[in-house]
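> Return a 3D structure for these sequence lines:
(chains A and B)
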Amino acid sequence: MSETSSNIAEYSVSELAFALKRTVEDSFGLVRVRGEISGFKRAASGHVYLALKDDRAVLDAVAWRNTLGRLAFEPGDGLEVICVGRLTTYPGRSKYQLVVERMEPAGIGALLAQLDERRRRLEAEGLFDVSRKRPLPVLPGVIGIVTSPTGSVIRDILHRLEERFPRRVLVWPVPVQGEGAREAIAAAIDGFSGMPEGGAIPRPDLIIVARGGGSIEDLWAFNEEIVVRAAAACSIPLISAVGHETDTTLIDLAADHRAPTPTAAAEMAVPVRRELMLQLDQLRMRQQAGLGRTIDEMRRHVDGVARGLAHPSRLLGTAAQRLDDLSERLRLRPPAEVVRVQRLQLLGRGARLDEVAADMIRRSTEALSAISGRLAIETLTGRLETGLSTLARMSPRLDQATRGRLRAYGERVEALSALCHSLGPQRVLERGYVLVRDETGSLVTTADDAKSKAHLSIVFRDAALNVVPELDERPITRRRPAGNRSKTAGKQETLL
Amino acid sequence: MAKSLAESLKSDPARPTTDAAVASMSFEEALAELELIVQKLERGQLDLDAAIKAYERGTELRQHCTTKLKEAELRVEKLSFDAAGNARLQPLDPA
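Numbering: from 1, shown residues only, chains lettered A, B, ... in the order given. So this is what the prediction gives:
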C-alpha cells in the first residue's frame, strides 16, 4: 500500500485547488447557461450573489456591481435568465461558480409578466388616469428634452422643430439604457420639473422624453418605476416618445401625451409657424373688413339721417341772425330800462283796466234804463184796448154763425121727427092695433108671456087701459062685428 | 394644428378676455382674444366707437402675435453639471 502510495505524486491542497481552477477556467472559459435565479442577495459592496438552478443541479454565481448596473431589467428570485460568464473556482471554499458578465431574461414572457404586474400596481395608484393629463401649450417658448445628446433621436427632433417652428431647446443628456439609465432619466425629469420660473436656466414650457427604437430590454429603463413616477409627478406637460410606434412603455401611460416617434413628438410640441403667420394674416384682413363693414353701416345710417335734416349752415344762418337781432336789442335796451318800460306799461294797463271797468258799468246802467222805459203801463193798456176792440168786432160774427148753424140743426130735427112719426107705433095704433105692455112698460107680444103678468097695460090709439090677464083658450075671430070688439074691450075693462 | 389650437383656446376658462396688458400675454391668449375681436367686428354689432376701440386692441394683439412668431430661432443648449452638481448651459452640437 505504502509503496503504491509513494508512486503517486503528492499535491498540497493549494496546488490541487489551483490546478483545478486552471483546468476549469481553461476547459470552459466563456459559457452561456440558462437557469432560474434563486438565493438572490445583494451585498453591501453592491456585488450580487445568486444561484442558478434547474431541476437537478445548482450553480453558484456572482455578478459584480458594474455588471449589474448594465442590466436592462431587475433580476430576482424565480426569474429564468440566460447568463454569459466565465466558470471559475473559489479555492478558499472548495467551490466553483459562474462569474456573470451578461444576464438577460430567458424569455420575453418572463419580462412581460414583470411589466404587467408593475403596470397594474401603478394603474391602481391612479398614475395613468386620464384626468391627470394636461393640455400642451400651443406655442412653448422653451422645450426641455430628456434624451441622449448624440444620435439620431435628438437630431430628428431638432430637425423637425426647425422645420415647423424653431424654438429654444434645452437638452438634459442621459444614458437611455444600461447602467444608471433609470436614475439619470428620473433625475432629469425631476430636475426640469423643479426649475423655478425666471431662474438662470429658463424653465421649459414642455418636456419631451425620447429614445429610439430597440428591444424590450433596451427600452426597459422607461418601464422602471422610478422613471414612471417622475413622469407622473412632473409639473410641466410631458410628451413621451420612446421606441417605435408599436412599443409601449410605462412612461407612455404616465405621460400627458404619447408620441409614436421622436419626430412625431416635435410635431406635437410646436405648431407650424407658416400656418400661424397665414392665420394671423387672415385675421388681419377679417379685422379690417369687419371694421370697414361697421363704418359703412354707420355711414349709411348717417346719410339716411342727414337727408332728414336741414343743411347745417342754413340752421346756423337763421340762428346767427336771430342772435344778432337779440344782441342788438339787448344792447339798445339794457335790462334796467326794460324793467322800467315794462313797469310803465303795466301801470298804463292798470289804468286802462279801471277805465274799461267804469265804462262797462256805465253802459250796463244805460241799457237797463232803456229797458225800464219800455216797461211803461201805456204800452200794456194799448195792447189791452186792441184786444177788446178785436173781441167786440168778432162777437157779432160769432153770433151770426151760431144762429145759422142752430137753424140748420132745427130743420133737420123736424124732418127727422116727421120721418120718425110716420114710422112710429102711433100710426099703427091709429089703424086699430094695440100695444100690450107689462107693469114695467116692456112690450108683451105673446099670450104665454102675458099669462105670467099680474097686470097688463093695453095701449090704444087714444089712451091706455089697465087689464088683468085671464086665460081664454078661445080664439079670437076676426069676423066679429066691430060692436063685439068694443063689448069685449068693455068686458075686459069690467073684469079689471 | 392651428385649427385644433384655436378650438382648445376657446375652451380655456383661464384665458383673459379683455383689457389684459398685451405685452404680458402668451401667444395663445393673444391669438384667442384676437379671434374674438375679429368675430365681434364681423358680426357688426358694435357701435362705431366700440368698433374702433376693438380694432385698435385687435391690432395690438396681432402685432404681439407677430412678434412672437418672429422669435423663431433654433437655439439648442445642453445642461452640464460641475463637481458640486451645479447646472450650467453650453451649446449642443448634436453631431
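> use CA for all of it now, contacts and neighbours both
Noted.
> So the residue located most distally from the centre of chain B: helix, strand or coil?
Of all residues in chain B, B:Ala83 has its C-alpha farthest from the mean position, at 39.3 Å, by C-alpha atoms, centre = their mean. With DSSP: H, G, I helix; E, B strand; the rest coil as the basis, B:Ala83 sits in coil.
> Relative to chain A, how far out is it?
According to C-alpha to the nearest C-alpha, to the nearest Å, B:Ala83 stands 16 Å off from chain A.
> Point out the residues in chain B that sit beside chain A.
Proximity of chain B to chain A (C-alpha under 8 Å from any C-alpha of the partner chain) is limited to residues B:1-2, B:5, B:27-28, B:34-35, B:37-38, B:41-48, B:51-52, B:55, B:58-59, B:62, B:65-66, B:69, B:72-80, B:88-89, B:92, B:94-95.
> In helices only, show me the residues you listed.
Taking DSSP state H as the definition of helices, the residues of chain B next to chain A contribute B:2, B:5, B:27-28, B:34-35, B:37-38, B:41-43, B:48, B:51-52, B:55, B:58-59, B:62, B:65-66, B:69.
> Buried among those? Make that a ChimeraX selection.
Those of these that count as buried under 16 or more other C-alpha atoms under 10 Å in any protein chain shown are selected in ChimeraX with:
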select /B:5,27,28,34,35,37,38,41,42,48,51,52,55,58,59,62,65,66,69
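> quick one, phi/psi of the residue farthest from the centre of chain B?
phi -60, psi -30 (degrees, to the nearest 10).
> pLDDT value on it, please?
You'll see B:Ala83 listed with a pLDDT of 82.
> mind listing what the residue most central in space within chain B touches?
Using C-alpha atoms, centre = their mean, the residue of chain B that lies closest to the mean C-alpha position is B:Phe27, 0.7 Å off. By C-alpha atoms under 8 Å, 6 or more residues apart in numbering or on different chains, the contact set of B:Phe27 is A:Val138, A:Leu139, B:His64, B:Cys65, B:Lys68.
> And the pLDDT at it?
On pLDDT, B:Phe27 comes in at 87.
> A:Asp281 versus that one, what's the distance?
15 Å (C-alpha to C-alpha, to the nearest Å).
> near chain B, which residues of the stretch 51-200 of chain A show up?
The stretch 51-200 of chain A comes close to chain B at residues A:138-139, A:149-151, A:154-155, A:161-162, A:165-173, as judged by C-alpha under 8 Å from any C-alpha.
> how does it look with 6 Å?
Within the stretch 51-200 of chain A, the positions near chain B by C-alpha under 6 Å from any C-alpha of the partner chain are A:Thr150, A:Pro166, A:Arg167, A:Arg168, A:Val169, A:Leu170, A:Val171, A:Trp172.
> how about low-confidence regions in chain B?
B:1-20, B:94-95 (pLDDT under 70).
> again, but for the stretch 351-496 of chain A
A:373-377, A:471-496.
> Smallest gap between it and chain B, at which residue?
A:Leu353 (62.3 Å; C-alpha to the nearest C-alpha).
> At which residues are the strands of chain A located?
Listed in chain order, the strands of chain A (DSSP state E) span A:30-42, A:48-53, A:58-63, A:80-90, A:95-105, A:142-147, A:168-173, A:206-211, A:238-242, A:257-258, A:435-438, A:456-459, A:464-467.
> Export only the CA atoms of the first one, formatted as PDB.
These are the backbone C-alpha positions of strand A:30-42, laid out as PDB (Å, rounded to 0.1, in the frame of the first residue of the first chain):
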ATOM      1  CA  LEU A  30     -16.800  31.700 -21.500                       C
ATOM      2  CA  VAL A  31     -20.100  29.800 -21.100                       C
ATOM      3  CA  ARG A  32     -23.700  30.500 -21.700                       C
ATOM      4  CA  VAL A  33     -26.000  28.900 -19.200                       C
ATOM      5  CA  ARG A  34     -29.700  29.000 -18.600                       C
ATOM      6  CA  GLY A  35     -31.400  28.700 -15.200                       C
ATOM      7  CA  GLU A  36     -33.700  30.100 -12.700                       C
ATOM      8  CA  ILE A  37     -32.500  32.600 -10.200                       C
ATOM      9  CA  SER A  38     -32.600  31.600  -6.500                       C
ATOM     10  CA  GLY A  39     -31.000  32.900  -3.400                       C
ATOM     11  CA  PHE A  40     -30.600  36.400  -4.900                       C
ATOM     12  CA  LYS A  41     -28.600  38.500  -2.500                       C
ATOM     13  CA  ARG A  42     -27.100  42.000  -2.900                       C
END
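> Listing partners with orientation, what would you give for that strand?
Sheet pairing for strand A:30-42, assigned by DSSP bridges, gives strand A:48-53 (antiparallel), strand A:80-90 (antiparallel).
> Save those as a markdown table, and put in mean pLDDT too.
Shown next, in a markdown table, are the strands paired with strand A:30-42 (pLDDT from 0 to 100):
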| stretch | mean pLDDT |
| --- | --- |
| strand A:48-53 | 92 |
| strand A:80-90 | 90 |
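> quick one, which of those strands is nearest to A:Thr261?
Set against A:Thr261 and scored by C-alpha to C-alpha, the strands paired with strand A:30-42 come closest in strand A:80-90, at 30.5 Å.
> what about the residue nearest to the centre of chain B, distance to A:Thr263?
Noted for B:Phe27: a distance of 24 Å to A:Thr263, by C-alpha to C-alpha.
> Any idea how many residues pack against the nearest residue to A:Phe128 once chain neighbours are set aside?
Spatial nearest neighbour of A:Phe128, chain neighbours left out: A:Ala254 (4.9 Å); criterion: C-alpha to C-alpha, 6 or more residues apart in numbering or on different chains. The tally of other residues near A:Ala254 (other C-alpha atoms under 10 Å in any protein chain shown) stands at 29.
> Then A:Ala259?
Counted with other C-alpha under 10 Å, the neighbours of A:Ala259 add up to 24.
> which among the residues of the stretch 51-200 of chain A next to chain B gets closest to A:Arg22?
A:Thr150 (43.5 Å).
> For stretch A:209-216, C-alpha coordinates in PDB please.
C-alpha atoms of stretch A:209-216 as PDB (Å, rounded to 0.1, in the frame of the first residue of the first chain):
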ATOM      1  CA  VAL A 209     -38.600  62.300 -23.000                       C
ATOM      2  CA  ALA A 210     -37.300  60.400 -26.000                       C
ATOM      3  CA  ARG A 211     -35.400  57.300 -27.100                       C
ATOM      4  CA  GLY A 212     -35.100  55.500 -30.300                       C
ATOM      5  CA  GLY A 213     -36.400  52.000 -31.100                       C
ATOM      6  CA  GLY A 214     -34.900  48.900 -29.500                       C
ATOM      7  CA  SER A 215     -35.700  45.600 -27.900                       C
ATOM      8  CA  ILE A 216     -37.900  45.500 -24.900                       C
END
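> List the contacts of it.
A:Ile145, A:Val146, A:Thr147, A:Val153, A:Ser240, A:Ala241, A:Val242, A:Gly243, A:His244 (C-alpha atoms under 6 Å, 6 or more residues apart in numbering or on different chains).
> Output those residues in CSV, with pLDDT, neighbour count and distance to A:Ala357 appended to each entry.
Output for the contacts of stretch A:209-216, formatted as CSV (pLDDT from 0 to 100; neighbours: other C-alpha atoms under 10 Å in any protein chain shown; distance: C-alpha to C-alpha, whole Å):
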residue, pLDDT, neighbour count, distance to A:Ala357
A:Ile145, 96, 28, 114
A:Val146, 96, 27, 116
A:Thr147, 95, 25, 120
A:Val153, 93, 23, 121
A:Ser240, 96, 28, 114
A:Ala241, 94, 31, 116
A:Val242, 93, 30, 119
A:Gly243, 87, 24, 122
A:His244, 84, 15, 122
